[in-house]
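Enquirer: what follows is a predicted protein model with its sequence.
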Amino acid sequence: MKALVTGGGGFLGQAIVRALLARGATVRSFSRQAHEALHVLGVEQLRGDLVDAAAMSAAVAGCDVVFHVAAKPGIWGAYAVYHQTNVTGTLNVIAACRQHAVRRLVYTSSPSVVFDGHDMEGVDESVPYPSHFEAHYPHTKALAEQAVLAANDAQLATVSLRPHLIWGPGDNHLLPRMVARARSGQLRRIGARPNLIDTVHVDNAADAHLLAADRLAPGAAIAGRAYFISQGAPVPMWDMVNHLLGAAGAPLVTKSVPVPMALALAWVFETLHRLTSNPAEPRLTRFVVREMSTAHWFDISAARRDLGYAPRISMADGLAQLRTALHADPAGRST
């Protein structure tokens, strides 16, 4: 099998690449820059942008399955930029799959595509998309997911996976930011509720992608469907934050601010950034406040049933693994 992984040099992308190589698959990565870790693994790397249809077509050529992992993450920036990468880029992936008769497309989505700012406790995939989004990332990811699922037909089988709060060794996004804020004294609990959240270890998320690819084919039961992916064991938000900070040897979060105060501060930060045309991400946004002060955990029985998914790495084992990796490489680059 020859597989293309868009964003193969990223956190989840590298985990999927390693899992594919362990199976003996031939792997190609498509991203905007070359990655030394992939070079060491002997992975073919093509450089380009998702919005470049010709480059995307060249990357897909000759592949049997595509894992579309690349996206523009974050919570601040121009809508047009998010739309261009997350929506137009995804449409280019779909078009390239059709052009080269690729039969399987596994898309990496996010549970944030259905987050409406309120508690989501034990919901399944029947929960609808919200009518309003407070950030461009979930909005454009929702549009992209809908395009992927609508593309499912007799020639191209598609499936969308929604892993929630991915963590583990090699995280170059969530954990480094959290650790930096904790060490600078800028991290606070938001609210006093022990709101439960789902998370997923990066290798468990990668397992789910390969399981989906194994079962995906035109007309298959999973084709044209979305699936939540998690550890299957929700934990209190701030307990999880402190577990991760503890693994990194960073100060734990003990101080808190009320939700109304946090929302007011977020509005001020957002307004100042807009008035000054500051492209940097504000210290706090209303989307983040609502994410951190609400419950969001999901029923993964569909993934267990249809994909054969079961979290292979437990929370305890994953945290021990993370602690060991960070001790070996405090910068967090260890994988």
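Expert: All right, it came through fine.

Enquirer: and the gap between residue 197 and residue 122?
Expert: Note on residue 197: its distance to residue 122, by C-beta to C-beta, to the nearest Å, is 12 Å. Just so you know, the C-beta spots here come from the backbone N, C-alpha and C atoms, and that holds for glycine as well.

Enquirer: actually, residue 236.
Expert: Per C-beta to C-beta, residue 236 is found 15 Å from residue 122.

Enquirer: these two: which is more packed in?
Expert: Higher neighbour count among residue 236 and residue 122: residue 236, with 14 against 11, using other C-beta atoms under 10 Å.

Enquirer: run through the chain and note the low-pLDDT ranges.
Expert: 329-335 (pLDDT under 70).

Enquirer: give me the contacts around the longest helix along it.
Expert: Within the chain, and with DSSP state H defining each element, the longest helix by residue count is helix 259-275. For helix 259-275, the external contacting residues (C-beta atoms under 8 Å, 6 or more residues apart in numbering) are 76, 188, 190-191, 257, 278, 280, 282-286, 288-289, 293.

Enquirer: emit the PyMOL select command for whichever of the residues you listed are buried.
Expert: Entered in PyMOL, the line below selects the buried ones among the contacts of helix 259-275, by 16 or more other C-beta atoms under 10 Å:
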select buried, resi 76+188+190+191+257+282+284+285+286+288+289+293
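
Enquirer: just the contacts of helix 259-275: which are in helices?
Expert: 286, 288-289, 293.

Enquirer: how about the residues you listed, which pair is most distant?
Expert: 286 and 293 (10.5 Å; C-beta to C-beta).

Enquirer: show me where the stretch 51-200 of the chain has its helices.
Expert: Taking DSSP state H, counting those that start in this stretch, the helices of the stretch 51-200 of the chain run over residues 53-60, 79-82, 89-99, 136-150, 174-183.

Enquirer: what sits up against the second one?
Expert: Contacts of helix 79-82 from elsewhere in the structure, counted by C-beta under 8 Å, 6+ apart, are 72, 136-137, 139-140.

Enquirer: buried set for that helix?
Expert: Going by neighbour count (16+ other C-beta under 10 Å), the buried part of helix 79-82 is residue 82.

Enquirer: how far away from the center of its chain is that helix?
Expert: Distance, stretch centre to chain centre, for helix 79-82: 18 Å (C-alpha atoms, centre = their mean, to the nearest Å).
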